[in-house]
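>>> Please find the sequence and the predicted model below.
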Amino acid sequence: MNLELSHDVEADAWTTVCETSRLTPGRGVAALLPDGRQAALFLDRTGRPYAIENRDPFTGAQVLSRGLLGSAGGRTFVASPLLKQRFDLETGRCLDDEGVSVAVFPVRTV
C-alpha cells in the first residue's frame, strides 16, 4: 500500500509520498512535496497515518519529522527535537502555545 497526501485540497490533488511499509510506528520521515514544501509523515502505534508540515515554526528548521511521538489528553502529538514544543498531529495546533500551529495534510492509503 502507498501513503498519499493532499497538499492542495482545493484542487483535490493527491501525491504518493511513500509505501506504508517504509514507515515505522512511532517514528517520522520527511517527504519533499511538488511545491517545494516538506511534510513530516508519521504512523502512530495503532498504524494510523498523519502528515504535518515539517517546518518547526519556532526555529524555522525542517525537523518535525525527527521529533518524538506521544499523547496527552487523548491527543497524539509530535514533540519538536529542538525546543520540545508539542504539535497535535490531527489539528497542527501547538499544545504549548495555542497561538502557533503547523499545516496538516489529509492522508490516505491506497
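Thanks, I have the structure now. Numbers count the residues shown, from 1 in each chain.
>>> okay, CA-based contacts and neighbour counts for the rest of this
Noted.
>>> Show the contacting residues for residue 106.
Residues touching residue 106, when contacts are defined by C-alpha atoms under 8 Å, 6 or more residues apart in numbering, comprise 5, 6, 7, 50, 51.
>>> Greatest separation within the residues you listed: which pair is it?
By the measure C-alpha to C-alpha, 7 and 50 form the most distant pair in these, at 12.9 Å.
>>> Now for those two: what residues contact both?
105, 106.
>>> low pLDDT regions in this structure?
Regions of the chain meeting the criterion pLDDT under 70 cover residues 9, 11.
>>> residue boundaries of the strands in it?
Secondary structure of the chain, counting by DSSP state E: strands at 2-8, 13-19, 28-32, 38-43, 49-53, 68-72, 75-79, 86-88, 107-109.
>>> Does the fifth one pack against any helices or strands, and if so which?
Secondary structure elements in contact with strand 49-53, counted by 3 or more C-alpha pairs under 8 Å, 6 or more residues apart in numbering; DSSP states H and E, are strand 38-43, strand 107-109.
>>> Thanks again, I'm all set now.
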